[in-house]
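Student: sequence and predicted structure below; questions after.
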Amino acid sequence: MSELAARPADPVVGLAAAHESAALHATGFAMYTDDLAGRTAGVLTAWPVQSTSAHAKVTVDVSGAYRVPGVVRVLTADDVPGENDAGVKHDEPLFPGEAMYHGHALVWVLGETPEAARRGAAAVTVRYEQMSSLITVTEAIAAGSYQGATRTVVRGDAAEALGTAPFVFEGVTEFGGQEHFYLETQASLAHVDSEGQYFVESSTQHPSETQEIVAHVLGIPSHRVTVQALRMGGAFGGKEMQPHGLAAIAALGARLTGRPVRVRLNRTQDITMTGKRHPFHIAWRAGFGADGAVLALEATLTADGGWCLDLSEPVLSRALCHVDNAYWIPHVKLVGRIAKTNKTSNTAFRGFGGPQGVFLIEDIFGQAAPILGIDPIDLRRRNFYSPGQITPYGQLVKDAERMRAIWDRVRSEADIDARRAEIATFNAQHEHVKRAIAMTPVKFGISFNFTAFNQAGALVHVYKDGSVLVNHGGTEMGQGLHTKMLQVAATALGVPLAQVRLAPTRTDKVPNTSATAASSGADLNGAAVKNACEQIRDRMTPVAARLLGVDDDAVRFSDGIVTAPGARRSATFAEVVAASYLARVQLFAAGYYRTEGLHWDAERMHGSPFKYFSYGAAATEVEVDGFTGEYRLRRVDIVHDVGDSLSPQIDLGQIEGGFVQGVGWLTLEELRWETGHGPDRGRLLTQSASTYKLPSFSEMPEKLTVRFFAEAREDGAVYGSKAVGEPPLMLAFSAREALREAVGAFGPPGRTVVLGSPATPEAVFWAIRSAQGRRPSVAPAGEPVAAGG
């Protein structure tokens, strides 16, 4: 076992600790970025003037705003002292002269109150010189509208293998995006002090990058900007890049007025201005042997990037790296490209392209199984990776044997075979209601594809009374990262959890941090916190040894007590700290960690970008009404590999929440834009919870059982744990595949079921009619189109 993974006796990690802010959340005392504005005197509110055109050159007249009482200033491109850009790719003008999507913020009005700012924004006039626009991916493909790099993953000779395969399936798979719909919308609060230092409170997953963007918009070095992320009310990837420009607006307003400025988007502004999960259009061909072995796959994946690049390139790369999911495919040719459309710039979302890649292969297996005449559960299992096999991009599949073990455990513990027999009887007796169970796996790579991001820092202080303060580079968005870091610090120092406090994430405490993303927050920051704590503990050990009259090697720190076998006495942690201070021992440390063993050639799409893989499997049972297409999730069983959990209660919540969010994307949440050629072209039609369907209590599984895969220590991660944020989302494919099988039960066996995405009740209804041979001559408006084998 590695030193990184080893746990001491009686560790605090592994205990079921409550979320560190749970009491504050439950009582309403948890403070968020915009709450701080209410406690700040003289705050101005910034309000955007949004484009009503999907694509146009704009001329903005702000004079009307200044006639509105309470308006203090209107921010325009002329006010920017540095670079008029809010992105790392330099393709996101903060104040655009060309509106690139319906809802694009053109200028910002500062008002004494939100109402004054709103009325001032309404008084601004905009003249539009209309330009042609592309709203859908298919329109962009037809127009050849692309951005960023095209990437290719190749292994073997897919064309030749397809030419000799006994079975070849082909089709076009399209699926939509997903709105983050975090409870706390985007928010920033900025002020400048007497020394010209800017302090920005931001609801951001990436404080260091927010700092960099603010600095280059203001034309000042980063050391004059401090960004703090107190906590976020949800993020899911939507606050990795999107907050930067909003923070820059607040900071620019503070610079020009000398007063604090807040930006807090309302729900309509947030949903119409910020990016979503990337929709994909995928044309594919897949070859199978008579025994069900997948032989070859060719696919062209086109991601809808929206109006600028944002994170589309790494999202596409991760999608290409997850098309294989848990399956060995000998011959592969995957081409990935990014469409440029006149919509919000799509961005990171939990899974970061992984779910889109997994969608393709699970859709292929779902369509192929009936034609091959092979049980979908058996078809998937026989194609799992075996030990020693490598991915199409060249990485050894570590712990490949875990996938079959997890799969078999779900099948056994969920009593799948007996329940399927019962379902067969039920379906034979019920003409208009059908049930089905499906199982799907997940193999998800953990680490940033961009190797340099796999590093983290921490700053730990031990005070003379023995209390501990931890700073680290990760951000808390409700996922429990801070809770895990408290448990790591308590374990490494050998103190009770209550003796450790965690400070808000700030760029002047830990610099040059990576985003809290890629499910790597605990791995990276936990190792850095552990490193800092161990430095302090190691410095204190000789002092403790002298107090106890023992050799250094005999000293043990545990639960706030310092002991040693055969020692004349014990000492409290606080006693040893006090003695260390008197001995002039340094009681603070900067910790650092970088993930070893990673290498990745982004141009060739080849290497070992991931430290390890997280595995899991889910079985979902559904019941479908043939008259309406409505359905319910009767039961879900999950076994997931979290290594040696740092915090079981936190991990359980992440698995449950990830699954439900995945079910939302795959079965409920449908983003729709106006695609006609009228004046509202490009307008988002689903702008609120009344038109955008989110999972609610009524969509929850009637029975949900989650079990951790035992004996799964990850030797290369902090205290043997594994990442848990993103992988469980992809377990929701079991729900989609169960719906496919239930739809198939309405028609004759041996026929492919092509299921739209999201598989809303409407989509399921039309799939049932198709399965029964009653497909309408004209598909309903908005119905996703897919062609199967």
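Tutor: It's in. Just so it is clear, the structure is predicted and the values come from calculations on it, not from any experiment.

Student: skip the chain neighbours and tell me the closest residue to Ile650.
Tutor: Among residues not flanking Ile650 along the chain, Gly480 sits closest, at 3.5 Å (C-beta to C-beta, 6 or more residues apart in numbering). Using the backbone N, CA and C atoms, a C-beta is placed for each residue, glycine as well.

Student: pull the number of nearby residues for the one you found.
Tutor: Neighbourhood size, Gly480 [other C-beta atoms under 10 Å]: 27.

Student: read off the pLDDT value for it.
Tutor: Looking at Gly480, its pLDDT is 97.

Student: over to Pro221?
Tutor: Note on Pro221: pLDDT of 98.

Student: how close does it sit to Gly82?
Tutor: Between Pro221 and Gly82 the computed distance is 11 Å (C-beta to C-beta, to the nearest Å).

Student: what is in contact with these two at once?
Tutor: Residues touching both Pro221 and Gly82 (C-beta atoms under 8 Å, 6 or more residues apart in numbering) are Ala215.

Student: what about those two, which has more around it?
Tutor: Gly82 (16 against 9).

Student: need the contact list for that one.
Tutor: Per C-beta under 8 Å, 6+ apart, neighbours of Gly82: Ala215, His216, Val217, Leu218, Gly219, Ile220.

Student: not counting its neighbours along the chain, what's nearest it?
Tutor: Per C-beta to C-beta, 6+ apart, closest to Gly82 is Gly219, 3.0 Å.

Student: relative to Gly103, how far out is that neighbour?
Tutor: For Gly219, the distance to Gly103 (C-beta to C-beta) stands at 28 Å.

Student: same check on Ala326?
Tutor: Going from Ala326 to Gly103 by C-beta to C-beta gives 39 Å.

Student: who has more neighbours out of the two?
Tutor: Using other C-beta under 10 Å as the criterion, Ala326 and Gly103 rank with Ala326 on top: 29 against 24.

Student: can you pull the phi/psi pair for that one?
Tutor: Dihedral pair for Ala326: phi -100, psi 20, per degrees, to the nearest 10.

Student: quick check, pLDDT for it.
Tutor: Looking at Ala326, its pLDDT reads 98.

Student: correct me if wrong: it contacts Arg382.
Tutor: No: using C-beta atoms under 8 Å as the test, Ala326 is too far from Arg382 to be in contact (11.7 Å).

Student: tell me the contacts of the nearest residue to Lys343 once chain neighbours are set aside?
Tutor: Excluding the flanking residues, the one nearest Lys343 by C-beta to C-beta, 6+ apart is Gly306, at 4.8 Å. Gly306 is in contact with Tyr101, Gly275, Ser312, Lys340, Thr341, Lys343, Thr344, Ser345, Asn346, counting by C-beta under 8 Å, 6+ apart.

Student: make it 6 Å
Tutor: Gly275, Thr341, Lys343, Thr344, Ser345, Asn346 (C-beta atoms under 6 Å, 6 or more residues apart in numbering).

Student: same check, this time on Ala286
Tutor: Here Ala286 is in contact with Phe169, Leu297, Ile364 (criterion: C-beta under 6 Å, 6+ apart).
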